[in-house]
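Enquirer: Curious how this folds, go ahead:
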Amino acid sequence: MNIEKITPKLVVEGAGAAIRYYGETFGAVLRQRHEADGRVVFAELGLPCGAVFELKDADEFDQDPLRLGGRGLLLTVVADNPDALAQRMVDAGGSLVFEVADRSYGARQGRVRDPFGHEWIIGTPIPPAPGAASL
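Expert: As a prediction, this is how the structure comes out:
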């Protein structure tokens with residue numbers, strides 16, 4: 001069995017607003033958008049790094065995380081400047097869950113919840129100090 005790819009699909013309330021938010025914060029480019037009865041049933045966004053994710057409006061089959069009272073997906077983004085990206089996400093309407101800081105496991109990371117209930121771990125690896133032992 002060969003798995004060719006896995007693509008996350010975010011369920012949101014307000015796909016048009018989500019497409020704009022991800023464009024502003026991540027530089028995502030809308031590649032496809034299909035609607036039925038005034039709701040987005042499928043949208044594909046491409047990121048500058050080549051990654052792709054999908055989203056759709058919530059419906060009777062797929063509810064958005066805010067309506068369910070919890071969080072949605074937890075996704076990890078590796079960025080060259082996690083502080084700036086986290087701030088951009090917050091400025092665009094997200095909320096800070098964990099401040100971006102140097103973590104003991106060798107990453108500078110934080111977490112932001114976007115306005116649609118999905119959480120993003122934003123970080124970058126911290127290079128080991130010269131002469132530090134590695135596992």
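Enquirer: Following the chain onward from the least confident helix or strand in the chain by mean pLDDT, which element is next?
Expert: Here the helix or strand of the chain ranked lowest by mean pLDDT, DSSP states H and E is helix 65-68, holding a mean of 80. Using DSSP states H and E, the helix or strand that follows helix 65-68 towards the C-terminus is strand 74-78.
Enquirer: For the spatially most central residue of the chain, name its beta-bridge partners.
Expert: Closest to where the C-alpha atoms of the chain average out (Cα atoms, centre = their mean) is W120, at 4.8 Å. Legend: beta-bridge partners of W120 under DSSP bridges are L75, V112.
Enquirer: what's it in contact with, if anything?
Expert: For W120, the contacting residues are L74, L75, T76, V77, M89, G94, R111, V112, R113, D114, by Cβ atoms under 8 Å, 6 or more residues apart in numbering. Using the backbone N, CA and C atoms, a C-beta is placed for each residue, glycine as well.
Enquirer: Wait, the last one touches G94, no?
Expert: Yes - contact between D114 and G94 holds when scored by Cβ atoms under 8 Å: they sit 4.8 Å apart.
Enquirer: okay, and the common contacts of those two?
Expert: T25, W120.
Enquirer: Okay, S95 and I6: tell me how far apart.
Expert: Computed as Cβ to Cβ, to the nearest Å, the S95 to I6 distance reads 27 Å.
Enquirer: quick one, which of these two is more surrounded?
Expert: Shown here are S95 and I6; by other Cβ atoms under 10 Å, S95 has more neighbours (12 against 5).
Enquirer: So that one sits against R113, correct?
Expert: Yes - at 5.0 Å, S95 counts as touching R113 under the criterion of Cβ under 8 Å.
Enquirer: Could you export stretch 70-82 as CSV, CA atoms only?
Expert: This file holds the C-alpha atoms of stretch 70-82, laid out as CSV (Å, rounded to 0.1, in the frame of the first residue of the first chain):
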residue,chain,number,x,y,z
GLY,A,70,-13.9,22.9,21.4
ARG,A,71,-11.0,23.3,19.2
GLY,A,72,-10.5,22.0,15.8
LEU,A,73,-7.3,20.7,14.3
LEU,A,74,-3.9,21.3,15.8
LEU,A,75,-1.5,22.0,13.1
THR,A,76,2.2,22.7,13.1
VAL,A,77,3.9,25.4,11.0
VAL,A,78,7.6,25.8,10.8
ALA,A,79,8.5,29.4,10.0
ASP,A,80,11.7,31.4,9.9
ASN,A,81,10.2,34.0,12.2
PRO,A,82,7.6,32.4,14.4
